[in-house]
Structures are given as C-alpha cells and as structure tokens.
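Enquirer: Here is the input, now give the coordinates:
(2 chains)
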Amino acid sequence: DAMVIQNPRYQVTQFGKPVTLSCSQTLNHNVMYWYQQKSSQAPKLLFHYYDKDFNNEADTPDNFQSRRPNTSFCFLDIRSPGLGDAAMYLCATSREGQGDYEQYFGPGTRLTVT
Amino acid sequence: AQSVTQLDSHVSVSEGTPVLLRCNYSSSYSPSLFWYVQHPNKGLQLLLKYTSAATLVKGINGFEAEFKKSETSFHLTKPSAHMSDAAEYFCVVSAYSGNTPLVFGKGTRLSVIA
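Expert: Purely as a prediction, here's the structure:
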C-alpha cells in the first residue's frame, strides 16, 4: 500500500545532542511537510518542500533544519534539542497543483529530550 | 486569510448516541475543508473532505459533514457513537489556490462513555 513512513516511531535524545528524524513516502507526492505537535495541541507547520523548493514558516526556530535529497525522502534535523522540543513530529505529503489538497500523514515520531 | 474555529474543546457522548462536532471557518477563497481524526500516539487520518462538489460529504466509519456556506460551518456528525470513535478530531481549511498550507482548528476531544 502507498503510504508515509516515519522512522523511528520513538526517539530519545539528550539535551543539546543533534538528532535526525526521517520520513519516506511511496505516494510520489511532490510536496512534503513537517509538523510539530505538542500535547493536546494542533499540529504546527515547521516547513514544507514544494518539489525542491524549501518553504520555512516565519516562526520556525533556526534550530530546526530539513533536507529533501529526493522525491521520496525528507529529513528533519534538530541541531541542539532543548527540553521544549519534546513533541510528536509528523510528516505529511500532498499532491499539489492537481486540485487535490488532502494531506497524507505518517504515524509520527515521538521525541523525548532528557 | 483562512481560519478555523472548533467550538468545543471536549465532547462527551454515550455509546450509541449521536455525535456532533462543530466547526466554523473563515476563508478569502472558495475553501477546501477536511476533518481529520487522531487516535493517541498516532498520525492523522482523513475522515472526509469537501472540495466544492456535493455539500453533504460522507466519510469513513459512518461520519459525514455538511458544508453550509451561509453559516460558514462544516459540522461533523455520526448517527451512533462507537467506543472506537474516542479520539481527537481536527477541522482543517485550505484555500483552493495551490501550495497553501492547511490551517488547523485547535481540536475537539471526543469521549465515548459505555
């Protein structure tokens, strides 16, 4: 089945130790998104790639970076995680430009910062 | 600009009784509207979407929603609640103009009592 895959599902890192979360998709969608979701809150968009074009939200901290080496993969790098970065990180994809604006979400990676 | 207001942060129903989750939206364009469901520690799953076709939209698991332009509403309903419906529900709007990120409501937590 076509899907959005996130690895790992659970990640524990130490305060200040860089961490990378990964997302892959078999949907061949041209847009990929990263969201941060804290407990009992709606997902908050960090950035998205429209094809190879990177779009950063204005309030996304510089501590968060992203890479998209090809259509299928997208990575979220947190350079120096703080305790406030503990959250669920959701990857999503969509097929923009063809009238279909539904986003397909992965299962998420729950990040714990110790 | 787009915005979404979910009128209830928490709704509690008895199993077998109807469910109503309320959502109002604001959009400068003809909107696309979505309802997503999120079970604990899971990603978001699309329940249904409205994209300027029929105003009564049927989704998965017996849910449906009606787009009412005059009331700027997109309420989610289900005739009979099941225990497995207990989850967080997000109403989401997207401008029908390409490459526009989704705007999420704050979510409604649905509890189902046996």
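Enquirer: low pLDDT regions in chain B?
Expert: B:95-100 (pLDDT under 70).
Enquirer: Identify the residues contacting the least confident helix or strand in chain A by mean pLDDT?
Expert: Within chain A, no helix or strand scores below strand A:100-105, which has a mean of 81 by mean pLDDT, DSSP states H and E. Identification of contacts with strand A:100-105 by C-beta atoms under 8 Å, 6 or more residues apart in numbering or on different chains yields A:3-4, A:25, A:27, A:29, A:33, A:90-94, B:32, B:34, B:36, B:43-46, B:49, B:51, B:94, B:96, B:98, B:100, B:102. Every C-beta, even on glycine, is put in place using the N, C-alpha and C of the backbone.
Enquirer: Quick one: name whatever helix or strand follows that strand.
Expert: strand A:109-113 (DSSP states H and E).
Enquirer: from memory A:Trp34 sits against A:His48, does it?
Expert: Yes. Counting by C-beta atoms under 8 Å, A:Trp34 touches A:His48, with 7.2 Å between them.
Enquirer: List the beta-bridge partners for the residue positioned nearest the centre of chain A.
Expert: Centre of chain A computed as the mean C-alpha position; nearest residue by C-alpha atoms, centre = their mean is A:Trp34, 2.8 Å away. Here A:Trp34 sits in beta bridges with A:Phe47, A:Cys91, going by DSSP bridges.
Enquirer: Tell me who's in contact with it.
Expert: With contact set as C-beta under 8 Å, 6+ apart, A:Trp34 has these partners: A:23, A:45-48, A:64, A:66, A:74, A:76, A:89-91.
Enquirer: just A:Gly106 next, same as before
Expert: Counting by C-beta under 8 Å, 6+ apart, A:Gly106 touches A:3-6, A:23, A:25, A:90-92, B:43.
Enquirer: Which residues of chain B lie near chain A?
Expert: Chain B comes close to chain A at residues B:32, B:34, B:36, B:41-46, B:49, B:51, B:90, B:94, B:96, B:98-102, B:104-107, B:109, as judged by C-beta under 8 Å from any C-beta of the partner chain.
Enquirer: Emit the PyMOL select command for whichever of these are buried.
Expert: Filtering those down to the buried ones (16 or more other C-beta atoms under 10 Å in any protein chain shown) takes a single PyMOL command:
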select buried, chain B and resi 32+34+36+42+43+44+45+46+49+51+90+94+99+101+102+104+105+107+109
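Enquirer: Out of the contacts of A:Gly106, list just those in strands.
Expert: Counting by DSSP state E, the part of the contacts of A:Gly106 found in strands is A:4-6, A:23, A:25, A:90-92.
Enquirer: out of those residues, which are buried?
Expert: In the ones in strands among the contacts of A:Gly106, the ones that pass as buried (16+ other C-beta under 10 Å) are A:4, A:6, A:23, A:25, A:90-92.
Enquirer: Mind picking the two most distant members of those?
Expert: Largest separation among these by C-beta to C-beta: A:Gln25 and A:Leu90, giving 12.9 Å.
Enquirer: which element is the residue nearest the centre of chain B on?
Expert: Nearest to the geometric centre of chain B sits B:Trp35, at 3.3 Å (C-alpha atoms, centre = their mean). When elements are assigned from DSSP H and E, B:Trp35 belongs to strand B:31-38.
Enquirer: What count of nearby residues applies to B:Ile113?
Expert: 11 (other C-beta atoms under 10 Å in any protein chain shown).
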